[in-house]
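Novice: coords please:
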Amino acid sequence: MRKVIIYPGEDGYWVAECPSLPGCVSQGVSRTEALSNMREAIDLYTDVLLEKGKPVPEDLLEVVAL
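Specialist: As a prediction, the model looks like this:
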């Protein structure tokens, strides 16, 4: 499980970013599509790291109640 930030982009698409994987960004016409594309991007990103023998960064999820 990874933290993903999703927000509306300036071009009308939804943008999704994964802060624990630098540069791992995707988008979609809807929030649902952006999240689906982000799942695929995370899988591909981590596959490439493993293929290159590099460590996959952990995602330190922190939940804060306000």
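Novice: what about the residue nearest the centre of the chain, distance to residue 26?
Specialist: Centroid-nearest residue in the chain, with CA atoms, centre = their mean: residue 18, separated by 3.1 Å. Distance, residue 18 to residue 26, using CB to CB, to the nearest Å: 9 Å. Just so you know, the C-beta spots here come from the backbone N, C-alpha and C atoms, and that holds for glycine as well.
Novice: In contact with the residue nearest to the centre of the chain, which residues are there?
Specialist: Residues in contact with residue 18, defined by CB atoms under 8 Å, 6 or more residues apart in numbering, are 2-5, 24-25, 38, 41-42, 45, 59.
Novice: for residue 3, same thing?
Specialist: Going by CB under 8 Å, 6+ apart, the list of residues near residue 3 reads 18-20, 59, 61.
Novice: Go through the residues you listed and name the one nearest residue 49.
Specialist: Taking CB to CB as the measure, residue 49 lies nearest residue 20 of those, at 11.8 Å.
Novice: Report the secondary structure element holding the closest one.
Specialist: Under DSSP states H and E, no helix or strand contains residue 20.
Novice: Roughly how far does the nearest residue to it once chain neighbours are set aside sit from residue 31?
Specialist: Distances taken as CB to CB, 6 or more residues apart in numbering put residue 59 closest to residue 20, at 4.0 Å, once the chain neighbours are dropped. From residue 59 across to residue 31, the span is 20 Å (CB to CB).
Novice: cool, residue 1 as well?
Specialist: According to CB to CB, residue 1 and residue 31 sit 18 Å apart.
Novice: Thanks a lot, catch you later.
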